[in-house]
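S.K.: Sharing a model that was predicted from the sequence below.
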Amino acid sequence: MGVNAEYAGRRYPPTAPYAVGREHLRDFARAVGATHPAHHDVEAARALGYPDVVAPPTFAVVVAQRAEAQLVEDPAAGIDFSRVVHADERFTHHRPIHAGDELVTVLHVDAITERAGLALVTTRCEIADAAGDPVSTVVSTLAVRGEGA
Amino acid sequence: MSDRPALADVAVGTPIGSRAIEVTRAHLVHYAGASGDRNPIHWNDRFAREVGLPGVVAHGMFTMGQAVNLVTDWVGDPGAIVDYGVRFARPVPVPDPGAAVVEVSGVVGAVDAEAGTARVDLTVTVEGARVLAKAQVVVRL
């Protein structure tokens, strides 16, 4: 079964809030080698004007992937994860994520296009804070190989 | 933070530096746990070969996350990074024993004085071959 192109244009309801923990941010920063003090030291983050330690630029993928699971883990969408390659990723930050944030994500399926036995699935996660203000936009494209490829 | 670059001090072509990053299986295990991406192609050779890879490969998001540190450290404030996009050009095999070495360098590719931003273009290679393409980081200066 191939990718179900009828999912293009779909918009999912907002996710349950994702609570951003200080220790998780520190651990994620260590995992990607991000040593800037604003990721680890609350005082250093405050000196830059942030309320708590801030996330590295790619941390939003953790939040986005949970939202994307609504599509990727839906059998009717036809995305066989053993045939998936991550094609591209882009983060637009309206403000940095910081510890203490409660983030709500709306997942959009922006496009599903097929070419040469490959289905390209482009999703967009609009991540907002508890007040509803925009925090990050995460656009990701998965390339799914067809059965014969 | 007086050593932070100012918009007036940068121009198209200004280099921001370079670094080499050693990547071992231990790094991938840490990233799998911290990110929640536990796809076995990033820790299980048998599984990786079964899906047509040469062996365990790094998470694309791990390489993307590591590569931007050069920009964060140059700009002096992680919150100054307002946009960051890449294309994943080829996988990064991570041997065991041993390590893959990811080479990262950056140069200013555009300056927008009105918006107060500069775009840094990253070159990210392993053994001379690009692993990230169109790796562009927009920073507020």
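M.R.: Sure thing, it's come through.
S.K.: residues near residue 78, how many?
M.R.: No chain in the question, so chain A it is. Residue A:78 has 17 neighbours, counted by other C-beta atoms under 10 Å in any protein chain shown. Where you see a C-beta, it was placed from the backbone N, CA and C, and this is true even at glycine.
S.K.: That was the other one, I meant chain B.
M.R.: By other C-beta under 10 Å, 29 other residues sit near residue B:78.
S.K.: so what's the closest residue to residue B:14 other than its chain neighbours bridging to?
M.R.: Nearest in space to residue B:14, with sequence neighbours left out and distances taken as C-beta to C-beta, 6 or more residues apart in numbering or on different chains, is residue B:108 at 4.2 Å. For residue B:108, the beta-bridge partners are residue B:120 (DSSP bridges).
S.K.: Would you mind measuring from residue A:24 to residue A:127?
M.R.: Applying C-beta to C-beta, to the nearest Å, the value for residue A:24 to residue A:127 is 16 Å.
S.K.: Those two: which has the busier surroundings?
M.R.: Counted by other C-beta under 10 Å, residue A:24 and residue A:127 do not tie: residue A:127 has more neighbours, with 24 against 16.
S.K.: mind checking which helix or strand that one is in?
M.R.: For residue A:127, the host element (DSSP states H and E) is strand A:118-128.
S.K.: Could you report the neighbour count for the closest residue to residue B:96 other than its chain neighbours?
M.R.: Once flanking residues are discounted, residue B:96 sits nearest to residue B:25: 4.9 Å by C-beta to C-beta, 6+ apart. Residues lying near residue B:25 (other C-beta under 10 Å) number 19.
S.K.: Which residues are in contact with residue B:25?
M.R.: Counting by C-beta atoms under 8 Å, 6 or more residues apart in numbering or on different chains, residue B:25 makes contact with B:43, B:56, B:94, B:96.
S.K.: From these, pick the one nearest residue A:88.
M.R.: Using C-beta to C-beta, residue B:94 comes nearest to residue A:88 of those, at 21.3 Å.
S.K.: correct me, but that closest one touches residue B:56?
M.R.: Yes - the pair residue B:94 / residue B:56 is scored as a contact, 5.5 Å apart, by C-beta atoms under 8 Å.
S.K.: got any residues that touch both of these two?
M.R.: In contact with both residue B:94 and residue B:56: B:25, B:28, using C-beta under 8 Å, 6+ apart.
S.K.: separation between the residue nearest to residue B:96 and chain A?
M.R.: With distances taken as C-beta to the nearest C-beta, to the nearest Å, residue B:25 is found 13 Å from chain A.
S.K.: How far off centre is the strand holding residue A:127?
M.R.: The chain centre lies 9 Å from the centre of strand A:118-128; the measure is C-alpha atoms, centre = their mean, to the nearest Å.
S.K.: Kindly format the C-alpha coordinates of that strand as CSV.
M.R.: The C-alpha trace of strand A:118-128 is given here as CSV (Å, rounded to 0.1, in the frame of the first residue of the first chain):
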residue,chain,number,x,y,z
LEU,A,118,8.9,8.2,-4.2
ALA,A,119,6.2,9.9,-2.1
LEU,A,120,7.2,13.2,-0.5
VAL,A,121,5.2,14.0,2.6
THR,A,122,5.6,17.6,3.9
THR,A,123,4.2,18.4,7.3
ARG,A,124,4.1,21.6,9.2
CYS,A,125,3.8,21.9,13.0
GLU,A,126,2.7,25.2,14.4
ILE,A,127,3.8,25.2,18.0
ALA,A,128,2.3,27.8,20.4
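S.K.: Looking at residue 121 now. What's its pLDDT?
M.R.: The chain I'm using is chain A. With respect to pLDDT, residue A:121 has a value of 97.
S.K.: wrong one, chain B
M.R.: pLDDT, residue B:121: 98.
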